[in-house]
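> Here is my input; please provide its structure:
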Amino acid sequence: MEIKTDDYRICYDPETLTVSCQGSLRLSGMAEYAPIAELLDDIASQEQSPVVLDLQGLEFLNSSGISMLSKFVIKVRHKKTVTMIVRGSKAIPWQGKSLKNLQRLMPSLTLEWDE
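Got it, this is the predicted structure:
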């Protein structure tokens, strides 16, 4: 499954349970994020583990996007049998603070950083 525009690419690999996000997500409001949120909801509802959210190629994410990811993490947290790994990049400034907040929403979430 893939959602792609000139600005970003969201790709899901069902074999590795990995959602890869690349580019810049500067969509205005939750309505524009709806197709991505639906994809993430579908992944959460499958209750497979571990779900991997690879954000290493996501250079920018606005507050609506952070809200969408937070809701996804909370949905996964409610699936008691599902674990989650989030991969981030220390080279991308927004990720340092924001990804730690995702870990606060789901304490069992594993945060992995590239070097």
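> Of all the residues in the stretch of helix or strand I36 belongs to, which ones are buried?
Following DSSP states H and E, one finds I36 within helix 29-45. Using 16 or more other CB atoms under 10 Å as the test for burial, helix 29-45 gives Y33, I36, A37, L39, L40, I43, A44. Glycine gets a C-beta too; all of them are placed from N, C-alpha and C.
> so the closest residue to the fifth one other than its chain neighbours is in which element?
Nearest non-adjacent residue to L40, counting by CB to CB, 6 or more residues apart in numbering: F72, 4.3 Å away. Secondary structure assignment for F72, by DSSP H and E: helix 63-78.
> in that helix, what counts as buried?
Buried-residue list, helix 63-78, by 16+ other CB under 10 Å: S64, G65, I66, M68, L69, S70, K71, F72, V73, K75, V76, R77.
> For these, work out which two are farthest apart.
Using CB to CB, the buried residues of helix 63-78 span at most 20.4 Å, a distance reached by S64 and R77.
> same question for stretch 41-52, mean pLDDT?
Computed over stretch 41-52, the mean pLDDT rounds to 90.
> Give me the contacts around that stretch.
Defining contact as CB atoms under 8 Å, 6 or more residues apart in numbering, one finds that stretch 41-52 is touched by 12, 16-19, 72, 75-76, 79, 81-87, 110.
> Identify the residues contacting D7.
Contacts of D7 (CB under 8 Å, 6+ apart): G23, S24, L25, R26.
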